[in-house]
Structures are given as C-alpha cells and as structure tokens.
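Participant: Need coordinates for the below:
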Amino acid sequence: MYTTSPNLTFTHAFTDRLGGVSEGIFASLNLGEHLGDEEKCVRENYRRLFEALKIERFAVTKQVHSDTVREVTLSDAHELYSPVPYEADGLVTRERGLALMVFTADCVPILLEDSEHGVIAAVHAGWRGTVAEIAKNAVNSMVSLGARSENIRAAVGPAIGYECFQVGAEVKDALSAIGCDDRCRPDPENEGKFYADLKGANRDILIRSGVRPENIRISPVCTRCRHDKYWSHRYTDGKRGVQASIIMM
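Facilitator: Next up, the predicted model:
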C-alpha cells in the first residue's frame, strides 16, 4: 500500500497501486477522484489508506505543473469529491493533524519536514515544476513559516527514472538554464532526444536552497520500470490511476 523514507520522522507515505478495491485500469489503490474510476471504490481506497495512517483531515490542491506553493490550514481540509478552489503544486503548513497530499504517476514527489520548528511541505514536480524550481519555493515557504533550511529533511519519492525519461531539446535547455546541465544526457540512438534525471535535478535545487545533502533521501524506484506496482503515465499512455505522497505532523 505504501512505503516510507528513513530520514523523515513525521507520519508520511508514498503510496503504490496495491491494496485497494478499484478494478480494470484503476486496479487497485487508485486515489484519483476524477479519472473515471467508480466513486465508491475511490472512497474505499481512501478509507483503507487513512485507517492505516490514522489520518482524519487532509489537504490537496489542483495540480497544474506550476511553481506555486500554497500555505494551507485546517480550514482547507478537503472533502472527497468536493471542488478544490485553488491551483498550486506544493502545499506547506504548520498545522498539526492536517495531512498534505500531492499526486503523481511518473512526476517527482517531494516530502519535506523541519521537525524542530514544526513545518512540513509536499511537492509535485514534473519537468515544468522542476525547471521552475518549485523545490526552492517550497523551502522558502517553509522558512517563511519558521523553518530553517539546514534543518529541513527531504524525501524524494518513486518517480520516472533517468533511463526511462526521454525528452526533447526544450527540456534539456530548461535544465541547463537552471544550472542542471549534467542532469540531461543525449540519447545515442535518437538525434535531438535526451534522457533527463528529474530526481537528481530536484536534489541539486534543494541543496542550492540550503538543504544539507545528508538530509536528502532519493527513492531508487522508477515508476515506469515498476509499472506493476506504481502508476506510470508514460507506460500506460495516460490510462491509469494516481498514487499519493503524504506527510502529516
């Protein structure tokens, strides 16, 4: 149902696609509310997950591949199948008992905590969010709420791996523009194509933002390679559910 990272101390999870009740292309732990899955199945998937993690209140966001990180409070607690009134790709809070959730199916999820000062964040970083340095914005948002960058611990969850993420020149150029030239290499068999390391690029951004290298853990799991266990947009050509990355104080 989920895995955790050894460097985070607060309740957290990187879910996979196992342990739920959804069927067909959504089998089995789909957490996407508006992808075409049966509502009763999605609600049961959430019930099982939240029972395991002891979650009662949670916040989500309408993800749009932006660099926006939004502070949320208990007033932002989400009810399943209700509208989300804001767009952002990162959430940050000082509230205890409020789980932050972002959703992925190849993009990079990042969970962050400063356990000493009581600030957490959850980030969805596709390639657009990565090159817009949303990870830096998340760190800055945490600092604005009282965290210290050198105290922040970050866990980069399962996402598409280096050798599976073929991109065009626009992604290579965008990564170069933010100083991540070495996170993109040419595809020797396809001129004008490259392979991009989004996990590594986000690690670079976090370090430049003041997070200590020893406080960052990166999952080795490639969601496309492990499409049997994780949702992968590229493997399924978009016919799939989503997994969640969750953190709560």
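Participant: and the most centrally placed residue in the chain, how far is that from residue 79?
Facilitator: Centroid check for the chain by CA atoms, centre = their mean gives residue 109 as the closest residue, at 1.9 Å. Distance, residue 109 to residue 79, using CB to CB, to the nearest Å: 23 Å. In short, each C-beta sits where N, CA and C put it, glycine included.
Participant: How about residue 10?
Facilitator: 23 Å.
Participant: Between the two, which has more neighbouring residues?
Facilitator: Comparing residue 10 with residue 79 by other CB atoms under 10 Å, the one with more neighbours is residue 10, at 16 against 8.
Participant: pretty sure the more buried one is touching residue 118, no?
Facilitator: No: the criterion here is CB atoms under 8 Å, and residue 10 misses it with residue 118 at 9.4 Å.
Participant: what residues are shared contacts of the two?
Facilitator: residue 249 (CB atoms under 8 Å, 6 or more residues apart in numbering).
Participant: Quick check: which element contains the closest residue to residue 25 other than its chain neighbours?
Facilitator: If the residues on either side of it in the chain are set aside, residue 25 comes closest to residue 239, at 5.0 Å by CB to CB, 6 or more residues apart in numbering. For residue 239, there is no host helix or strand (DSSP states H and E).
Participant: quick one, phi/psi of residue 239?
Facilitator: Main-chain dihedrals, residue 239, degrees, to the nearest 10: phi -100, psi 90.
Participant: quick one: it from residue 227, how far?
Facilitator: According to CB to CB, residue 239 stands 12 Å off from residue 227.
Participant: which of the residues in stretch 135-153 are buried?
Facilitator: In terms of neighbour count (16 or more other CB atoms under 10 Å), stretch 135-153 has its buried residues at 135-143, 145, 147, 149, 151-153.
Participant: and for it, what are the contacting residues?
Facilitator: 7-9, 67-69, 71, 90, 92-94, 110, 112-121, 123, 125, 154, 202, 205-206, 208-212, 215-217.
Participant: Between residue 239 and residue 227, tell me which one has more neighbours.
Facilitator: Using other CB under 10 Å, the more surrounded residue of residue 239 and residue 227 is residue 227, with 17 against 12.
Participant: wait, what's in contact with that one?
Facilitator: Residues near residue 227 by CB under 8 Å, 6+ apart: 235, 236.
Participant: which SS class is residue 189?
Facilitator: coil (DSSP: H, G, I helix; E, B strand; the rest coil).
Participant: How about residue 44?
Facilitator: Three-state assignment for residue 44 (three-state DSSP): helix.
Participant: if I read this right, it contacts residue 20, doesn't it?
Facilitator: Yes: in this structure, residue 44 is within contact of residue 20 by CB under 8 Å, at 7.3 Å.
Participant: Have a look at these two and say which one is more surrounded.
Facilitator: More neighbours surround residue 20 than the other of residue 44 and residue 20, with 25 against 15 (other CB under 10 Å).
Participant: Looking at strand pairing, list the partners for the residue nearest to the residue nearest to the centre of the chain when sequence neighbours are not counted.
Facilitator: Nearest non-adjacent residue to residue 109, counting by CB to CB, 6+ apart: residue 245, 3.5 Å away. On the basis of DSSP bridges, residue 245 is bridged to residue 14, residue 102.
Participant: likewise residue 184?
Facilitator: Beta bridges link residue 184 to residue 196, judged by DSSP bridges.
Participant: so what's residue 62 up against?
Facilitator: Counted by CB under 8 Å, 6+ apart, residue 62 has contacts 84, 86, 87, 88.
Participant: how much space between the third one and residue 169?
Facilitator: Counting by CB to CB, the separation of residue 87 from residue 169 is 28 Å.
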